[in-house]
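In: here is a sequence with its predicted model. Questions after.
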Amino acid sequence: MQAAGVSGFRQPVLISWFTVAMHHRVTRDFDIYPRIVRARSAATVAIRPLFDHCRWNADHLYEVTIFPAENAVGQVHWGNAPPILCAPTDGVLRIAYHFDSEQEYIVRVRASGDEPRQALEFRLYALEADLFARRPYKGDTHLHSCRSDGRESPAYVAAACRRIGLDFMAITDHRLYAPSLEAARAFSGLALDLRIYPGEEVHPPDNRVHIVNFGGRFSISELFETPEYRAGVAAIEARLTDFPAGVDRYPYASCVWCFDQIRQAGGLGIFCHPYWFYEHRYDLPQTLCTLLFERQPYDALELIGGYQWYESESNSLQVARYCEERAHGRRIPIVGASDAHGCDTGELFGWFYTIVFAPTPELPDLIAGIKELYSVAVEARPGEVVRVYGPFRLVKYAHFLIREVLPLHDELCFEEGRVMLAYLAGEEGAAETLRSMAGRTARLYEHLWQR
Ligand SMILES: [Zn+2]
Ligand SMILES: [Zn+2]
C-alpha cells in the first residue's frame, strides 16, 4: 500500500521504530536481579555493571524512578512518581521497593542532574504467587523428521530446537512413534537441558482429524491394527446420544477413542490445525470441527499451527474461533506449534511455539500446566512483530518475558544446541562441553527470580 503524500517518497513509519525499540530492551551492560518479583511484597533489586564503560560513580547519588505500568496504590495522576535516591555500594546499585500488584514496572536510573536521555531504563515484573512459582518453558509439540516427510534426522531436529531456544520438544512424525524415541536415544547418557519427549502425529483410519500424541508412553498409531480399535470406537458410537444431524458418528467416536488412549498413555492429546485449507476445501468437515469444539474430547487445541505465509488465514480463524468459544465459557487449553518439516529450509521452524508456565519442565508438570490454562501460543515469524495468544494475563506477562528475559535464555540455548549438533557430527570433546553447560538455563532463572 502506498503512503499518502509525495509519490515514491516513503513516509517514516513511527510504529516500526517503536516496535524495534521495544524488542531490544535487554540491557547487556548490567546484571540486574531479580527481574521477576513477588507482587504485594518488597524486593531489593541489584544493578551490577558488567563492563568497564558502565561502572557507577562511587561519589554520585542516583535518582531511581519506578513507574508501575498499570497503576500504583493511591496514584491518581501519571508522571509524579517521586525518585528514590541511591548510592552504589561495592560497585552495585541496590533499590528497595514495594511492588503493590501484579504488573510490569519500568525502572529509570539517572545520575542527579543528568539529561533523561542518559538514563538507564529496564523493566521488572511482579507476579501473584501462582504464577511466581512457575517458570516459563518454551517448546514445540509438533515437528517432523526424515523418518516421515521431514528433512533431517530426529536427533538433528532436537538439537536444532535447542539452538532456537526451546526447553522441550517432541518429534511427531506421521503414524510413527519410534522417531521420537530415536531423538532421545541419540543423546542418552549426556547431560542435556533440552527435554526430548515421545510423540507422534496420529491419523486414525477413515478419519480426517489430525491428532498429536504429545508425551504418551505408547503409540496410538500402532493400536489401529488391533481389533480393540474398531470395537472400542463401536462402543463409543453406541453411547453417543443427542448426536447432531449432518455429522458422521464414526470419525467423532474415533477421535474420542484416540484422545482417551493418549490420556491413558500419560500424554496430551492435541487437536491439530482445525482450519487447514487443503486443495479446494477445509481438510476437516466443519460440522465435525464444530462438534469437537463443543464437546472437547481433546486435551489441548493447536491454537497457532504451522502454516505457511499463504495459509495465515487458517491461524487467524483458529484464534477467532478460540476467542468465541472462550466467550461462551469454555476452558480451552492451548499450544502453539511449528509443524516444521525441516529446520534449515527457512520455513515454519521456530515461527510458532508454546510457552508453558510450570514448576518444572518435566512432562507431568508441562501437561498439567497446559491443562490448567497456564500456556500461551506464540507467533514469531522472521521480520515480523511477535504475537502472543492465550489468556490475557499470560499474554501480557509473556510479552515482557520475550522482550526482557528470554533473549538471555535463548543465547544459552543457542550455544548448547550448537554443541549438540557438533556432538552428532562426531566432534571430539562435545560431550564434555555439554556436561560443562548443564543446568545453565535453570541457574539463569534462579538468578532472575526473587529468592
Ligand atoms: Zn497434520
Ligand atoms: Zn504435522
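Out: Nice, I can see it. Ligands and ions are numbered 1, 2, ... in the order given.

In: give the contact list for Phe214.
Out: Phe214 sits next to 141-142, 170, 172, 197, 199, 267-270, 335, 367 when contact means Cβ atoms under 8 Å, 6 or more residues apart in numbering. From N, CA and C alone the C-beta is placed, and that goes for glycine too.

In: using a markdown table, lay out those together with secondary structure.
Out: Shown next, in a markdown table, are the contacts of Phe214 (DSSP: H, G, I helix; E, B strand; the rest coil):
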| residue | secondary structure |
| --- | --- |
| Thr141 | strand |
| His142 | strand |
| Ala170 | strand |
| Thr172 | coil |
| Tyr197 | strand |
| Gly199 | strand |
| Gly267 | coil |
| Leu268 | strand |
| Gly269 | strand |
| Ile270 | strand |
| Val335 | strand |
| Ile367 | helix |
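
In: can you flag the buried ones in those?
Out: Neighbour counting by 16 or more other Cβ atoms under 10 Å classes 141-142, 170, 172, 197, 199, 267-270, 335, 367 among the contacts of Phe214 as buried.

In: from the residues you listed, which is closest to ligand 2?
Out: Closest approach to ligand 2 among the buried ones among the contacts of Phe214 (Cβ to the ion): His142, at 5.6 Å.

In: if Thr89 is in a bridge, with which residues?
Out: Val92 (DSSP bridges).

In: near ligand 2, which residues of the stretch 251-400 of the chain? Just list them.
Out: Asp339 (Cβ under 5 Å from the ion).

In: for the stretch 251-400 of the chain, just list every one of the strands.
Out: Secondary structure of the stretch 251-400 of the chain (DSSP state E, counting those that start in this stretch): strands at 268-271, 277-278, 281-282, 300-304, 334-336, 352-358, 375-379, 387-389.

In: could I get these as JSON lines with mean pLDDT and distance to Ala160?
Out: Putting those into JSON lines (pLDDT from 0 to 100; distance: least, Cβ to Cβ, whole Å) gives the following:
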{"stretch": "strand 268-271", "mean pLDDT": "99", "distance to Ala160": "21"}
{"stretch": "strand 277-278", "mean pLDDT": "95", "distance to Ala160": "27"}
{"stretch": "strand 281-282", "mean pLDDT": "95", "distance to Ala160": "31"}
{"stretch": "strand 300-304", "mean pLDDT": "98", "distance to Ala160": "20"}
{"stretch": "strand 334-336", "mean pLDDT": "98", "distance to Ala160": "18"}
{"stretch": "strand 352-358", "mean pLDDT": "99", "distance to Ala160": "13"}
{"stretch": "strand 375-379", "mean pLDDT": "98", "distance to Ala160": "18"}
{"stretch": "strand 387-389", "mean pLDDT": "98", "distance to Ala160": "23"}
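
In: quick check: which of these is buried the most?
Out: Among those, strand 334-336 has the highest mean neighbour count (mean count of other Cβ atoms under 10 Å), at a mean of 29.

In: what lines up beside that strand in the sheet?
Out: Applying DSSP bridges, strand 334-336 is found paired with strand 300-304 (parallel).

In: now find how far off-centre the strand it pairs with is within its chain.
Out: Its chain's C-alpha centre and that of strand 300-304 lie 12 Å apart, by Cα atoms, centre = their mean, to the nearest Å.

In: can I get that strand as CSV, trimmed to CA atoms?
Out: The C-alpha coordinates for strand 300-304 follow below in CSV (Å, rounded to 0.1, in the frame of the first residue of the first chain):
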residue,chain,number,x,y,z
ALA,A,300,-5.4,-29.1,24.1
LEU,A,301,-6.1,-27.1,20.9
GLU,A,302,-3.3,-26.3,18.5
LEU,A,303,-4.3,-22.6,18.6
ILE,A,304,-1.4,-21.5,16.4
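
In: neighbouring contacts of it?
Out: The contact list for strand 300-304 (Cβ under 8 Å, 6+ apart) reads 141-142, 212, 268-274, 315, 318-319, 322, 332-337, 352, 370-371, 375, 377-379, 389-390.

In: now it against strand 352-358, angle please.
Out: Counting by axes from the mean of the first three to the mean of the last three Cα atoms, to 10 degrees, strand 300-304 lies at 130 degrees to strand 352-358.

In: tell me the angle of strand 300-304 relative to strand 375-379?
Out: Using the same axes, to 10 degrees: strand 300-304 against strand 375-379 is 30 degrees.

In: who is the residue most central in space within the chain paired with across the strands?
Out: The residue lying closest to the centre of the chain (Cα atoms, centre = their mean) is Ile355, at 2.3 Å. Beta-bridge partners recorded for Ile355 (DSSP bridges): Lys138, Val376.

In: residue contacts, it?
Out: Contacts of Ile355 by Cβ under 8 Å, 6+ apart are 136-139, 375-376, 378, 388, 398, 401.

In: quick one: which of the residues you listed is nearest ligand 2?
Out: Gly139 (15.5 Å).

In: before we move on, back to that, from the contacts of Phe214, pick the one nearest Thr433.
Out: Distance ranking of these against Thr433, using Cβ to Cβ, places Tyr197 first at 23.9 Å.
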